[in-house]
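1. model this:
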Amino acid sequence: MATVEVFAIPDNKPQRLQQMMSQGRNIIQLGLKSKRLRRAIRPEDSSESEARLKKGRMYLEWLDTIEMTPEIKERTSMEKMLKYVFDDPTMYYPEDMKKGAQALYEKWQSENWGANAVMEEDVISADQEFADPVSEPAATPDEAPIVQSELPPPDHPIFGEDGIMHGIIIFRSPSGRKTYRLNPHVPKRSAKVFGHNGIPVGTWFANQLVALHRGAHGMRIGGIAGTTDVGAYSIVVSDIYEDLDDDRGETLYYSGSNSHNNDDPTRPAPSSTGTKALKASLQTGNPVRVLRSGGPHSRNRWLPECGLRYDGLYRVVALRERKNTKGEYPSTNQCLRCTTEVSATSLIISGCATCESYPTLLTSIQVDSTNNSCSKESPVKRRWGSCFFHRLQRNRNAT
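-> Model (predicted):
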C-alpha cells in the first residue's frame, strides 16, 4: 500500500512551538554549514546532512499548511529564519528551499503576519473526536517528527478521489495517537475569499476539516474565519450556544466568542477577534458564508442531521444585546440575513444529496481506522474512533 510521509508536529500549542523552534534551528544549521563549505549542503555529504535536508524541506512544506500568528512569528523567529534561507548571500541553500521560503515570506507579509486574523479557538472539536483522548508526550528537540502514514487507494469509497473524505488521512503519531489530518499530497483550496468560493449552496461536508480542505471555512476548530479589518469570510452555526444564538433560517442571530462566558453584569464581554471580524463585516458589507453543523440530538431544525452543510451567503445587518444563561449578563450578537437565492427552508426540505447517498454504501463497508482501508460485506465498524460513520448510519436508520 502507498504511504506518505507526514510531519508529526504536535497539536498541543507549547509542544508545537517547541518543535517549530527546533526545526527552525535545524534550517539555520544547514545554512551555517553551507557558509563554511561555500556551497549548498548535499545529501551525499553525510547521513546527518541527508537527514537535516529532509527535515528542512518537509518543515517548509508543512509551514504552508498553517495559519501564521504574531505569537508564532515572534516565538520562532520565523521572519528571520525565512530571510536567512532566501535572502542571505552568505548562506547556500538548495533552490527549492529558497523558493519555498520566499513564497512563505511573501504570503505572510501580505497578510501582515496574521496580525488581523481571527485566532483559532483552543478547544476540542467534534471534527477531531477520532483522536484518542490521551496527551501526546513531548517530543525531544532532536527527534525527527516524520511518520509514515498509509494512503487510501484512489478508488476508496470514503477517502478516495470521489469520497466524502478525499484530501483527509488518518494519521497515527509516534505515540500511537490517531487523528484526522490534511493529506499533504492533495492541495487544499484557500478559504480566504468572499462569496461562494466556487461551492454550490447545499454542499455537504463530513466534518469541519473537510470543509477547510474544500475552501468553505478556514478554521479547523473555530466557528468564525476572517480578519478584523475586512470581515468574516465564513461562520459555522451549531446549537452549542442556544442561550445566545437564535437561528431562524434566513435570519440568524450569532454570538461571537466569549459571549457565553461573560459574567460582568455591567457590560458585554470583551470582543474576541472573531467578534471583531463580524463587526467589521457590518461596516464593510462583505458577504459571509454560513455553514450549519448538525448532530443526532440537535434541537435546531435548520441544522443537518450530521456533518456540515453550506447554506449560502448572509450579510451582517445589525448588532443586538442579549442575556446569557449565567444570569443578567449582557452579550453582543450579530444579526445576519440571507442574500442567497436558495432559501434555508428549501435546503431542509430537499435534504442533502451527498448525505443521502452514503448510508447504503456505508452498510456494506467496514472502516478500518488504522490504515484507511475497508472490507466489503460487513457492517460499519461501531467504535468511538469511527463514530462519524457510525452516527451517519444510525441517523439514517432511525428515519
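2. Going by C-alpha atoms from here, please, whenever you check contacts or count neighbours.
-> Noted.
3. what's the helix or strand for the closest residue to residue 246 other than its chain neighbours?
-> Taking Cα to Cα, 6 or more residues apart in numbering, and ignoring the residues beside it in sequence, residue 246 has residue 253 as its nearest neighbour in space, at 4.9 Å. According to DSSP states H and E, residue 253 maps onto strand 251-255.
4. Average pLDDT for that strand, rounded please.
-> Here strand 251-255 scores 84 as its mean pLDDT.
5. In the longest helix along the chain, which residues are buried?
-> When secondary structure is assigned using DSSP state H, the longest helix within the chain turns out to be helix 13-37. Residues of helix 13-37 classed as buried under the neighbour-count rule (16 or more other Cα atoms under 10 Å) are 15-28, 30-35.
6. which other helices and strands contact that helix?
-> With contacts defined as 3 or more Cα pairs under 8 Å, 6 or more residues apart in numbering; DSSP states H and E, helix 13-37 has these neighbours: helix 47-63, helix 70-76, helix 78-87.
7. residues in contact with the second one?
-> If I follow you right, that is helix 70-76. Applying Cα atoms under 8 Å, 6 or more residues apart in numbering, the external contacts of helix 70-76 come out as 17, 20, 21, 24, 78, 79, 113, 114, 115.
8. same check, this time on the longest one
-> The list of residues contacting helix 47-63 from outside it, by Cα under 8 Å, 6+ apart, reads 7, 23, 26-27, 30, 41-44, 97, 100-101, 104, 144, 146.
9. Repeat the analysis, applying 6 Å as the threshold.
-> Outside helix 47-63, the residues that touch it by Cα atoms under 6 Å, 6 or more residues apart in numbering are 27, 43.
10. Alpha carbons only: can I get it in CSV?
-> The C-alpha atoms that make up helix 47-63 are tabulated as CSV, following Å, rounded to 0.1, in the frame of the first residue of the first chain:
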residue,chain,number,x,y,z
SER,A,47,23.8,10.8,6.7
GLU,A,48,23.4,13.8,9.1
SER,A,49,23.2,16.2,6.1
GLU,A,50,20.7,14.0,4.4
ALA,A,51,18.5,13.9,7.5
ARG,A,52,18.7,17.7,8.0
LEU,A,53,17.8,18.4,4.4
LYS,A,54,14.9,16.1,4.5
LYS,A,55,13.5,17.6,7.7
GLY,A,56,14.2,21.1,6.4
ARG,A,57,12.2,20.5,3.2
MET,A,58,9.4,18.9,5.0
TYR,A,59,9.2,21.6,7.6
LEU,A,60,8.9,24.3,4.9
GLU,A,61,6.2,22.3,3.2
TRP,A,62,4.3,21.9,6.5
LEU,A,63,4.5,25.6,7.2
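11. by how many degrees do the longest helix of the chain and helix 47-63 diverge?
-> 130 degrees (axes from the mean of the first three to the mean of the last three Cα atoms, to 10 degrees).
12. Just want the angle from helix 13-37 to helix 78-87.
-> Using the same axes, to 10 degrees: helix 13-37 against helix 78-87 is 30 degrees.
13. I'd like the numbering to begin with 10 instead of 1 from here.
-> Sure thing, new numbering starts at 10, so read that last one as helix 22-46.
14. which residues touch helix 22-46?
-> Residues from elsewhere that reach helix 22-46 (Cα under 6 Å, 6+ apart): 18, 19, 49, 50, 65, 85, 99, 100, 101, 150.
15. what about the fifth one, how many neighbours?
-> Which is residue 65. The tally of other residues near residue 65 (other Cα atoms under 10 Å) stands at 20.
16. Make sure I have this right: residue 324 is in a strand.
-> Yes - checked against DSSP: H, G, I helix; E, B strand; the rest coil, residue 324 lies within a strand.
17. Let me see the contact set for residue 128.
-> Counting by Cα under 6 Å, 6+ apart, there are no residues that residue 128 touches.
18. Secondary structure class of it, three-state.
-> Secondary structure, three-state DSSP: residue 128 is coil.
19. measure it to residue 63 for me?
-> Here the distance between residue 128 and residue 63 works out to 31 Å (Cα to Cα, to the nearest Å).
20. As a check, name the ranges of all helices in the stretch 210-359 of the chain.
-> When assigned using DSSP state H, counting those that start in this stretch, the helices of the stretch 210-359 of the chain occupy the ranges 217-223, 282-293, 353-359.
21. what's the first one packed up against?
-> Using 3 or more Cα pairs under 6 Å, 6 or more residues apart in numbering; DSSP states H and E as the contact test, no helix or strand touches helix 217-223.
22. count of neighbours near the nearest residue to residue 257 once chain neighbours are set aside?
-> Sequence neighbours aside, residue 311 is the residue nearest to residue 257 in space, at 7.7 Å (criterion: Cα to Cα, 6+ apart). The number of residues packed near residue 311 is 22, by other Cα under 10 Å.
23. Quick check on residue 311: phi, psi?
-> In terms of degrees, to the nearest 10, the main-chain angles of residue 311 are phi -90, psi -10.
24. Could you report the pLDDT at it?
-> The model reports residue 311 with a pLDDT of 87.
25. For residue 326, see how far away the closest residue in space to residue 17 that isn't next to it in sequence is.
-> Across the structure, with Cα to Cα, 6+ apart as the measure, the residue nearest residue 17 apart from its sequence neighbours is residue 154 (4.8 Å). For residue 154, the distance to residue 326 under the criterion Cα to Cα works out to 47 Å.
26. what do you get for residue 180?
-> Counting by Cα to Cα, the separation of residue 180 from residue 326 is 42 Å.
27. what's the answer for residue 222, then?
-> For residue 222, the distance to residue 326 - Cα to Cα - is 29 Å.
28. Compare those two (neighbour count), which wins?
-> Neighbours were counted for residue 222 and for residue 326 using other Cα under 10 Å; residue 222 has more, 25 against 14.
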